[in-house]
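> Coordinates for the following, if possible.
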Amino acid sequence: MKSILTAVLGMLVLFGACGAVSVADQTPFPVRPAVSSGSAHVLVIRDDGTVWGWGANKSGQLADGSRTDRSAPVLISGEDVWLDVSAGRYHSMFLKADGTLWCAGESQYGQLGNGRGDDALTLVQVGEDRDWAAVSAGGEHTLALKKDGSLWSWGRNTYGQLGTGGTGHLFYPLRVGSDMDWALISAGGHHSLAVKRDGTLWAWGRNQFYSLGDGTARPRLRPVRIGLDSDWADIAAGGLQSLAVKEEGTLWSWGNNASGELGLGSKNNGRAPAQVGASTDWHKTGTGGYFSFGIKKDGSLWAWGNGRFGQLGNGTSDSSGVPVKVEGPAGSVAVSGGFRHASAVAGDGSVWTWGSNSSGQLGIGTPGRKTALTGIGSEKNWAITFVGSRHSLALKGDGSLWAWGYNEYGPLGDGTNVHRRSPVRVDGGQSWVNAAAGEDHSLAIRADGSLWVWGYNRYALMGEGRLKRSRVPVKAVEANGWLSVTSIASHALAVRDDGSLWAWGQNQHGQLGIGSRANAVSWIRVGKETDWFQASTSPMHTLALKKDGTLWSWGSNKELQLGREEGAFGVVPRQVGENQDWMTVVAAGRYSVALRSDGTLWSWGSGTHGQLGLGVKKDIPTPSRAYLLDTVMDVWAAYGTAMALKEDGSLWVLGDGLEGPVESSTTPRLFSVGPWRNMSFGAGFALFVDRDGSLWSVGDNDEGQLGEGTAWTERPERIRFPEFKDRQARP
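Have a look, this model is predicted:
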C-alpha cells in the first residue's frame with residue numbers, strides 16, 4: 001500500500017485530494033517528486049529534494065515571507081532535503097528528511113499546529129518531534145502519522161474531523177486514540193479517511209452528503225470502520241466526495257455527486273462505496289473541487305466530474321460523469337486537484353498543470369488576475385463595453401456584439417453554457433446598438449429599436465411564463481422604440497423613444513421606482529413622465545436624468561446615495577437638488593457620481609474607500625464636487641472605485657485601485673494617460689477601449705471575464721522551473 005504523496009482536500013468543495021500518504025512512502029532516499037494542490041496554490045518537491053510553490057499566497061501559504069500571489073515557481077527551500085508536502089485550503093505542511101514537520105499559511109483554527117492562531121509567512125516548525133512520517137492538510141485541519149504508526153490531528157474540528165471525540169478546535173497536535181497501526185491518511189474538506197496496516201478503511205467527520213460511506217448522514221467524532229473489506233490500497237478525501245482503490249485494482253467512490261465527481265455515470269449521491277466501472281487496473285486516485293482523478297497502472301491519467309474550467313485536462317470545458325483520459329502527461333505517478341485546477345508529476349519527474357489560473361496557480365508565468373492593462377487580441381474596431389458580475393459584453397463598430405466569461409445560465413448568448421476565456425459572438429447578426437450586462441443575464445437593443453434578453457430568467461426578466469433561462473437572445477417585449485437599457489443584479493430599466501421610463505425585476509429596495517417594493521414580473525412604467533433621457537441602476541438604487549438636465553433618484557438611501565439626508569427608502573423618483581445641467585449619472589451601489597455640463601465631477605453617498613474623491617472617507621449626503629477634476633467627459637463607478645475620463649483621453653481613479661496592491665486614495669490619481677474612449681466596471685475587473693478601437697482589461701479573471709485567454713487551460717502545460725545550482729550535498 002505505497003503512495004507517492006500527500007492528500008490535499010477541499011473546504012466544503014474548495015479543493016481536492018491527491019491520493020493518500022503512508023508511512024511506507026517516507027523512505028530517506030532517493031527523493032521522489034511530489035505535487036500537492038491547495039484551493040489555488042501548488043507545492044512541489046523536485047527530485048533533488050528542493051521544495052517550490054506558486055499560486056495564491058494571501059495567507060502566506062507559499063512560505064516566501066510575503067502575501068503576494070506568484071504566477072511562476074518560487075523556491076521555498078533549497079537548503080534541506082524534503083520528503084513530502086501537503087497543500088490545504090490556505091495552509092501548507094512540509095515534511096523534512098530528518099523527520100521534522102514544518103508549516104506555513106493560515107492558522108485561524110490552529111491548522112498549522114504551532115500553537116498560534118496567526119498566519120505564518122515563512123516556514124515554522126511544528127513542535128520539536130523528529131519522528132513524523134506523513135502529513136495531510138485538509139480544508140482547515142491537518143492529519144499526520146508518526147513512524148510508530150500513531151495518528152495525530154489538529155486544526156478545525158466543527159464536524160469532528162479531528163477524530164478526537166469532541167468538536168473543539170486544536171492548535172497543537174493531539175493523538176487520535178491509542179492505535180499504532182495506521183498506514184494511510186487523507187484529510188478532506190471537513191472529513192477524514194484512513195487505512196490501517198490490515199487494509200481496513202476508516203472515516204470520521206462531516207457526513208452530510210454521505211462523505212464517510214457508512215450509509216448514514218450522521219457526523220462521526222471518532223474513526224468508524226467502513227464496510228468489512230480489508231484490501232484498501234489508496235484513499236482520497238475530497239471536499240464532499242471520497243474515493244479509494246483496492247489492492248485488486250478496482251476504483252470505488254461515495255459521497256457528494258452533484259457534478260458527476262463519483263464517476264458513476266449519474267449525479268446521485270453515494271451512501272456507501274460503489275465501484276467505478278469495471279476496470280481492474282487502477283493504481284492511484286485523487287479529488288478536486290467537484291471533480292476527481294485516477295491513475296492506472298500503465299501511468300495513464302483519467303478525470304471526471306466538473307470540467308467547466310478545463311480541469312479534466314482533455315482539451316475541452318465539458319463535464320463528464322465517467323472517467324475521460326487526460327491529454328498527457330505520460331506515465332503519471334502523482335496527481336492533485338485544487339478547487340478548479342489540477343497538477344501532476346510525470347514519470348520523468350516533470351510537473352504539469354491545467355485548469356483555472358485565477359491566482360496564477362498554473363505556474364506558467366501568466367497570472368490570472370491582471371494588475372496591469374492587458375490587450376484583448378489585435379483588433380481595432382471595438383466601440384463600447386458592458387460588464388456584469390461575472391461576464392462581459394462588447395460592441396464592435398460593425399454592430400456585432402461579443403461576449404465572454406461565466407456562462408452557466410447562457411448570458412453570453414452563443415447558444416451554449418460553455419464558459420469562454422476570450423470573446424465569442426452573440427447570436428443576432430450585426431444590428432446591435434446598445435447593451436447591458438446583469439448578474440447572469442444580458443440585454444441588448446437592435447437598430448430597429450427592439451429589446452432582447454438572454455441568460456437566467458430570474459424575476460421574470462424575459463417576461464412571466466418564459467423559460468427559466470435562454471442561451472440565445474429572445475425578444476423581451478413586442479413593442480419596439482427602445483433607446484437605452486441599464487441592468488445589474490436581477491432588475492433592469494429602459495428608456496423608450498417617447499421619453500417614457502420602464503422597469504422590471506427585483507425591487508426589494510424600491511429601485512424600480514414604481515411606488516412600492518414589490519417585484520415586477522413584467523414591464524411596468526415608472527410614473528407618467530415623457531421626458532426621461534438616461535437611467536443608471538445599482539443593486540440598491542437608481543438615478544435618472546430628464547431632458548431638462550434635472551437629476552432624480554429612488555431606492556435605498558441607507559448610505560445617503562439618493563442625495564438627501566432623510567428617508568431610508570424612496571419608491572418613486574424624487575429630484576436631487578435644483579440644478580439643470582447634469583449630463584451623466586452613475587448609480588454605484590452605496591454611492592453615486594454624476595457629471596455636470598461644465599466638466600466637473602460630483603459625488604455623494606458612502607465614501608468609506610475614498611471613492612467620492614473629496615479628501616475624506618466618510619458618507620456625504622448631497623452632491624459635492626470632487627477635488628482636482630475638471631474637463632471630465634465621462635464617468636464610471638462600481639463598488640469602491642470610480643473613474644473619470646478627461647478630454648485629453650486620460651483616466652483618473654478615485655478610491656480603490658484596479659492596478660494591484662495600491663492603497664485607496666481619497667483624491668483622484670492618474671490611472672493611465674491613454675488616450676481612452678470608453679470603459680466599464682465589473683466586480684473587481686474593468687474593460688477599456690482606447691481611441692484607436694483596441695480593447696483592454698485589468699483585474700480579477702476567475703471566470704475568464706477579462707477575455708484575454710489566460711484564465712484557464714484545457715490541456716496540461718509543463719512547468720518551467722528556474723535554474724537552481726546551490727543544492728547542498730545530501731547528508
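> List the buried residues in stretch 300-315.
300-314 (16 or more other C-beta atoms under 10 Å). All C-beta spots, glycine's among them, are computed from the backbone N, C-alpha and C.
> In strands, which of these appear?
Among those, DSSP state E puts Leu301, Trp302, Ala303, Trp304, Gly305 in strands.
> Return the closest of these with respect to Ser490.
Taking C-beta to C-beta as the measure, Ser490 lies nearest Gly305 of those, at 29.2 Å.
> Double-check that closest one against Ala258; I have them as touching.
No - applying C-beta atoms under 8 Å, one finds Gly305 not in contact with Ala258, separated by 9.0 Å.
> so what's in contact with these two at the same time?
Both Gly305 and Ala258 are contacted by Tyr290, under the criterion C-beta atoms under 8 Å, 6 or more residues apart in numbering.
> rewinding a little: please identify which pair of the buried residues of stretch 300-315 lies farthest apart.
Going by C-beta to C-beta, the pair spanning the buried residues of stretch 300-315 furthest: Ser300 and Arg308, at 23.2 Å.
> I figured Trp482 hits Asp498, correct?
No - the criterion here is C-beta under 8 Å, and Trp482 misses it with Asp498 at 10.5 Å.
> between those two, who's got more neighbours?
For Trp482 versus Asp498, neighbours defined as other C-beta atoms under 10 Å are more numerous around Trp482 (24 against 10).
> What distance do you get for the residue lying closest to the more buried one once chain neighbours are set aside to Ile45?
Counting by C-beta to C-beta, 6 or more residues apart in numbering, Trp482 lies nearest to Leu451, which is 4.4 Å off, once chain neighbours are set aside. Look at Leu451 and Ile45: by C-beta to C-beta, to the nearest Å, they are 58 Å apart.
> what about Thr530, how many neighbours?
Thr530: 12 neighbours (other C-beta under 10 Å).
> So the spatially closest residue to it that is not a sequence neighbour versus Gly328, what's the distance?
Leaving aside its chain neighbours, Thr530 sits nearest to Gly499 (3.9 Å; criterion: C-beta to C-beta, 6+ apart). Distance of Gly499 to Gly328, given as C-beta to C-beta: 61 Å.
> Between these two, which is the more surrounded one?
More crowded of Gly499 and Gly328, by other C-beta under 10 Å: Gly328, with 19 against 14.
> Contacts only, for that one.
So, once contact is read as C-beta under 8 Å, 6+ apart, Gly328 ends up touching Leu301, Gly313, Ala346, Trp352, Arg715, Pro716.
> can you do 7 Å?
Counting by C-beta atoms under 7 Å, 6 or more residues apart in numbering, Gly328 makes contact with Trp352, Pro716.
> isn't Val81 right up against Asp98?
No - judged on C-beta atoms under 7 Å, Val81 makes no contact with Asp98 at a distance of 8.2 Å.
> So for the two, which sits in the more crowded spot?
Val81 (20 against 13).
> Next, that one: phi, psi?
When read as degrees, to the nearest 10, the backbone of Val81 gives phi -100, psi 120.
> Kindly provide the distance from it to Ala344.
Taken as C-beta to C-beta, the span from Val81 to Ala344 is 23 Å.
> strand partners of the host helix or strand of Met93, parallel vs antiparallel please.
Following DSSP states H and E, one finds Met93 within strand 91-96. Applying DSSP bridges, strand 91-96 is found paired with strand 82-87 (antiparallel), strand 101-105 (antiparallel).
> any idea of the mean pLDDT in whichever strand or helix holds Phe671?
Taking DSSP H and E as the criterion, Phe671 maps to strand 665-672. For strand 665-672, the mean per-residue pLDDT is 89.
> just stretch 446-454 next, same as before
95.
> Quick check: end-to-end length of it?
End-to-end span of stretch 446-454 (C-alpha to C-alpha, to the nearest Å): 14 Å.
> What lies in contact with it?
Contacts with stretch 446-454, where a contact means C-beta under 7 Å, 6+ apart, come from 410-411, 413, 431-433, 441-445, 461-462, 470-477, 480-482, 485, 494, 497.
> With just CA atoms, put stretch 272-280 into PDB.
Taking C-alpha atoms only, stretch 272-280 is exported to PDB below (Å, rounded to 0.1, in the frame of the first residue of the first chain):
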ATOM      1  CA  ALA A 272     -21.600   3.700   0.500                       C
ATOM      2  CA  PRO A 273     -18.600   2.800  -1.600                       C
ATOM      3  CA  ALA A 274     -19.700   1.800  -5.200                       C
ATOM      4  CA  GLN A 275     -17.300   0.600  -7.900                       C
ATOM      5  CA  VAL A 276     -16.400   3.000 -10.700                       C
ATOM      6  CA  GLY A 277     -16.700   1.000 -13.900                       C
ATOM      7  CA  ALA A 278     -15.300  -2.500 -14.300                       C
ATOM      8  CA  SER A 279     -11.600  -1.700 -14.800                       C
ATOM      9  CA  THR A 280      -9.200  -3.600 -12.500                       C
END
